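Student: Quick one: sequence and predicted model below, then my questions.
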Amino acid sequence: MILVIVVALLALLAGLAANRWLRPRLVNANDDEGMAVKDLVGPLLTMTVLLLSFVLVTANGSYGKAEVASRGEARALDQLVETAEYAPATERARIQAGAVCYARAVRFQEWSAMADGNGSAAPSVWSTGFRETFENLAGQPVFGMLVAADNKRSDEREERLTQATSSIPSTIFWFLLATLVITVTALGICLPRRNNRGQIITLVVITALLTTALVIIRDVDRPFGGIINIAPTAIGETERQAHRDFAANGPAADLPCDAVGNRTT
């Protein structure tokens, strides 16, 4: 970082020195002639647009990974429920009940926590219960399939929690905001003071577009919070299917958790 700053300062000093001593020898023009402020605004606007575009692509990539991980976790949990059908009745009931409770804990507790970039310990209670149940099935053909499905669920949950945190450091966001302010201010300086209605409208439109891009970046960078968020639709559907299978196999049995996934028994 220090190297970049030093090189940039040296480049600035070299440019100013060249303007003072080399320009009279290389450029056949008066000292009052040269680039105006408006000539420098074009490259500044281009840089701002490129920076916003690059960061928007990065944020959108993180959003896409979060959505894929959420759906992958739901599919892995559903596969775990279906594979449990090949297990003995006692272990099957425990796994399917645990899957319902796990889905509820993710849906109602961890999902809201991820809006702030955090996780929840509630789902881990039920994932630990999965492994304890698997120990009773060691050596049976279904054991390997259950462990594989649970490992997939664990990997997808870890990826989901990773993508819940901001992928764009706050320093970059504030840098983009400062760049937007400097660009809009520079454009305003270059506007004519009279008969400038069309230019002012254009400046307002440019400001609105740049601001919208920055707002979208901020919102997409929080996949589970804000306006453009990922809803727990997939995990909710898996919960309903797991509850249906659990009720079909044991109509009189009660779930070991409440409506939000907290253990009750």
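Tutor: Everything's here; your move. Numbers count the residues shown, from 1 in each chain.
Student: check contacts around residue 249.
Tutor: 89, 92-93, 96 (C-beta atoms under 8 Å, 6 or more residues apart in numbering). Where C-beta positions appear, they are placed from N, C-alpha and C, glycine not excepted.
Student: In CSV, list those residues along with neighbour count and pLDDT.
Tutor: As requested, the contacts of residue 249 are exported to CSV (neighbours: other C-beta atoms under 10 Å; pLDDT from 0 to 100):
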residue, neighbour count, pLDDT
89, 9, 90
92, 22, 92
93, 17, 92
96, 28, 94
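Student: Report the two members of those residues separated by the largest distance.
Tutor: Farthest-apart pair in the contacts of residue 249 is 89 and 96; separation 10.7 Å (C-beta to C-beta).
Student: neighbours around the residue nearest to residue 103 when sequence neighbours are not counted, how many?
Tutor: Once flanking residues are discounted, residue 103 sits nearest to residue 239: 3.5 Å by C-beta to C-beta, 6 or more residues apart in numbering. For residue 239, the neighbour count with other C-beta atoms under 10 Å is 26.
Student: same question, residue 62
Tutor: Residue 62: 20 neighbours (other C-beta under 10 Å).
Student: quick one, what contacts residue 174?
Tutor: Taking C-beta under 8 Å, 6+ apart as the test, residue 174 contacts no residue whatsoever.
Student: How much space separates it from residue 190?
Tutor: 25 Å (C-beta to C-beta, to the nearest Å).
Student: Relative to residue 85, how far out is residue 121?
Tutor: For residue 121, the distance to residue 85 - C-beta to C-beta - is 29 Å.
Student: With residue 120 instead?
Tutor: Residue 120 is 29 Å from residue 85, by C-beta to C-beta.
Student: Can you tell me the SS state at residue 120?
Tutor: coil (DSSP: H, G, I helix; E, B strand; the rest coil).
Student: pretty sure it is touching residue 113, no?
Tutor: Yes. With contact defined as C-beta atoms under 8 Å, residue 120 reaches residue 113; the gap is 4.7 Å.
Student: about what we covered before: and the residue nearest to residue 103, what does it touch?
Tutor: Neighbours of residue 239 in contact, by C-beta under 8 Å, 6+ apart: 99-100, 103-104, 107.
Student: Quickly find the element holding it.
Tutor: helix 233-249 (DSSP states H and E).
Student: now the protein, which segments are flagged as low pLDDT?
Tutor: 1, 4, 8, 11-12, 15-16, 18-40, 251-252, 265 (pLDDT under 70).
Student: how about the helices of it, start to end?
Tutor: For the chain, the helices defined by DSSP state H cover 2-17, 23-26, 37-83, 89-105, 111-114, 122-135, 141-164, 170-189, 197-220, 233-249.
Student: mind giving me JSON lines with those and columns for distance to residue 227?
Tutor: Below are these laid out as JSON lines (distance: least, C-beta to C-beta, whole Å):
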{"stretch": "helix 2-17", "distance to residue 227": "36"}
{"stretch": "helix 23-26", "distance to residue 227": "51"}
{"stretch": "helix 37-83", "distance to residue 227": "12"}
{"stretch": "helix 89-105", "distance to residue 227": "25"}
{"stretch": "helix 111-114", "distance to residue 227": "15"}
{"stretch": "helix 122-135", "distance to residue 227": "26"}
{"stretch": "helix 141-164", "distance to residue 227": "16"}
{"stretch": "helix 170-189", "distance to residue 227": "17"}
{"stretch": "helix 197-220", "distance to residue 227": "6"}
{"stretch": "helix 233-249", "distance to residue 227": "17"}
